[in-house]
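Asker: Prediction below, plus the sequence it came from.
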There are 2 protein chains.
Amino acid sequence: MSLDDTWFTEIHGDAGTAFSLKAKAKLHEEQTPYQKIEIYETEGFGNLMVIDGCTMLTTRDNFIYHEMMSHVALFTHPSPKRVLIIGGGDCGTLQEVLKHDSVEIVQQIDIDEAVTRLSKIYFPELCASNDDPRAELMFIDGIQWVKDAEENSYDVIIIDSTDPVGPAEGLFSKDFYQECYRVLSENGILVQQSESPLIHMNILRDMHNAMKGAGYSEAKTAFFPQCIYPTGWWSATMACKGGSFNGFRESDSANKNFSTHYYNCGIHHGALAVPEFFYQEIKG
Amino acid sequence: MSLDDTWFTEIHGDAGTAFSLKAKAKLHEEQTPYQKIEIYETEGFGNLMVIDGCTMLTTRDNFIYHEMMSHVALFTHPSPKRVLIIGGGDCGTLQEVLKHDSVEIVQQIDIDEAVTRLSKIYFPELCASNDDPRAELMFIDGIQWVKDAEENSYDVIIIDSTDPVGPAEGLFSKDFYQECYRVLSENGILVQQSESPLIHMNILRDMHNAMKGAGYSEAKTAFFPQCIYPTGWWSATMACKGGSFNGFRESDSANKNFSTHYYNCGIHHGALAVPEFFYQEIKG
């Protein structure tokens, strides 16, 4: 069966796969100084944001990604107060981070203001907490920001970026991880979206090595489904500055005072289970 | 970006999504008395079997499905000796079941001999255990087989079928679950592939209700990634005849004397974690 031109398709070249969403209408298209952003209304997944031809998020399934990018790291840190988000301009991760009462400040640095401007229009439910007094949104270069930041500035750094090509490439490097290490507090946690375990093991292996090479004492990957990303199976990799990943704040997670749609204490546990092939490749 | 005719595409109508694999060549096409089977050689996923337009399995990613359809149920049962597989003609699940030393007999009933005949040619690695003396392959109607079977015939019944439309529809009914209940031994386990939690909650809800309505004391869903199936997130639902799902044989799982590529004891635990929305919908 072939797809007519009412479908938006992303081809995953290396894997020889493609994922498509049937579109009702193209709502917006814009070339920013950094990237091309398109917004579609889809038939089954609500609105869709596409950046440089890659599906970024839909109304229907973004909850899994945003909850897993935030709560796993935040319930792992003993008391996250100061959080930095690099990327994340759609504000979905920000909203989840702000659900944690311990958090006193969240700085979100996305290089492209258009992502947030368009998210406010087409994904308003993700931007409902943008006016929280603890939130500070900046549209500048995240790599430079971290370079300029002082030591011991953040408890958790979340790298919620596009794939490691184009503008986000520098966010997947040992140099950048070292700068993050420097500005993290003792026992601070770095967490980064880390692609598909099924087809991007090279990226995951490089990331684990680069994190350890940058001085982090341990790196750990969490796995979760994400329908609209290549293979439908995605991951986030955490690295800790000192100490080790000895569990997480289970009781706080089990008794959280906010609602989620995917994440809970059991899911947190389950996401850290390491598939046999992954263990063989990464060796813990 | 649009796909030219070198791609095989499956459209998931209700969800408004589609998944495509780039094909190098079509290796085979056959209309059997039951269904149309196509085999492709793909660019990135090895060989692909398609039944009635739906992707069934690929060389690259079938391991997750087959391991999860077999080991979760078999390590949950205290001592699985007699196993029945309904469907499963590609023999991937059969091969995993035969890895368990406790198993004395596995009967596999697929209505269509062509699935196994073609699997032997295009997925020979899945058929490597077909000559195991404990394995018995039959190409007859599975529903009739169960109807004719005696009480207390099986410890585990695995329903490894296509979607609940067409030939497999009767395998998703309360009537069939009742017949399975009758032929299961005390503490026997039924397990069935149960579609995508993201877009098939209606099927999952109906299945849980039908299983309980058929007399099973408890039903429990395991979740796992499966790239080539709709949304890339799949599930298998178990029902037990008597007793309850109080854990599984963890020590046996952790010390299994066979290799797997996805499944292990931690993954077993993790797969049973219930996403928040699923729990809300199914209520345990």
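Answerer: Good, I have the coordinates.

Asker: tell me, what residue is most central in chain A?
Answerer: Nearest to the mean C-alpha position of chain A, by Cα atoms, centre = their mean, lies residue A:160 at 3.3 Å.

Asker: can you pull the contacts of it?
Answerer: A:69, A:85, A:86, A:87, A:88, A:93, A:193 (Cβ atoms under 8 Å, 6 or more residues apart in numbering or on different chains). For glycine as for every other residue, the C-beta is placed from the backbone atoms N, C-alpha and C.

Asker: Show the residue spans covered by the helices in the stretch 101-250 of chain A.
Answerer: For the stretch 101-250 of chain A, applying DSSP state H, counting those that start in this stretch gives helices covering A:113-122, A:142-148, A:174-183, A:201-213, A:250-254.

Asker: Output the fourth one in PDB with nothing but the alpha carbons.
Answerer: In PDB, the C-alpha atoms belonging to helix A:201-213 read as follows (Å, rounded to 0.1, in the frame of the first residue of the first chain):
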ATOM      1  CA  MET A 201      23.700   1.400  19.800                       C
ATOM      2  CA  ASN A 202      26.700   3.200  18.300                       C
ATOM      3  CA  ILE A 203      25.400   6.500  19.700                       C
ATOM      4  CA  LEU A 204      24.500   5.000  23.000                       C
ATOM      5  CA  ARG A 205      27.900   3.300  23.300                       C
ATOM      6  CA  ASP A 206      29.700   6.600  22.400                       C
ATOM      7  CA  MET A 207      27.600   8.400  24.900                       C
ATOM      8  CA  HIS A 208      28.300   6.000  27.800                       C
ATOM      9  CA  ASN A 209      32.000   6.200  27.000                       C
ATOM     10  CA  ALA A 210      32.000  10.000  26.700                       C
ATOM     11  CA  MET A 211      30.200  10.500  29.900                       C
ATOM     12  CA  LYS A 212      32.600   8.200  31.800                       C
ATOM     13  CA  GLY A 213      35.500   9.900  30.000                       C
END
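
Asker: what packs against that helix?
Answerer: For helix A:201-213, the packing partners by 3 or more Cβ pairs under 8 Å, 6 or more residues apart in numbering or on different chains; DSSP states H and E come out as helix A:174-183, strand A:218-225, strand A:233-240, helix A:276-282.

Asker: ok, now the last one?
Answerer: The criterion is 3+ Cβ pairs under 8 Å, 6+ apart, and the helices and strands that helix A:250-254 contacts are helix A:265-271.

Asker: for the second one, same thing?
Answerer: Taking 3+ Cβ pairs under 8 Å, 6+ apart as contact, the helices and strands that helix A:142-148 lies on are strand A:82-87, helix A:174-183.

Asker: okay, now the domains of chain A?
Answerer: According to automatic domain parsing, chain A comprises the domains A:7-58, A:62-282.

Asker: Save the ones you listed as CSV, and put in mean pLDDT too.
Answerer: Putting those into CSV (pLDDT from 0 to 100) gives the following:
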stretch, mean pLDDT
domain A:7-58, 96
domain A:62-282, 96
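
Asker: do you know which of those lies nearest residue B:58?
Answerer: Closest to residue B:58 of those is domain A:7-58 (Cβ to Cβ; 9.8 Å).

Asker: Show me which of the contacts of residue A:160 is closest to residue A:266.
Answerer: For the contacts of residue A:160, the nearest to residue A:266 is residue A:69 (18.3 Å; Cβ to Cβ).

Asker: Between strand A:82-87 and the helix or strand containing the closest one, find me the angle.
Answerer: Using DSSP states H and E, residue A:69 sits in helix A:62-74. Going by axes from the mean of the first three to the mean of the last three Cα atoms, to 10 degrees, helix A:62-74 is angled at 140 degrees with respect to strand A:82-87.

Asker: Can you name the residue of the stretch 101-250 of chain A nearest to chain B?
Answerer: residue A:232 (1.4 Å; Cβ to the nearest Cβ).

Asker: quick one, what contacts that residue?
Answerer: For residue A:232, the contact set (Cβ under 8 Å, 6+ apart) comprises A:19, A:225, A:226, B:225, B:226, B:227, B:231, B:232, B:233.

Asker: re the thing from before, any chance of the helices of the stretch 101-250 of chain A in TSV, with distance to residue B:2 and mean neighbour count too?
Answerer: Converted to TSV, those look like this (distance: least, Cβ to Cβ, whole Å; neighbours: other Cβ atoms under 10 Å in any protein chain shown):
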stretch	distance to residue B:2	mean neighbour count
helix A:113-122	24	19
helix A:142-148	34	18
helix A:174-183	36	20
helix A:201-213	27	17
helix A:250-254	44	14
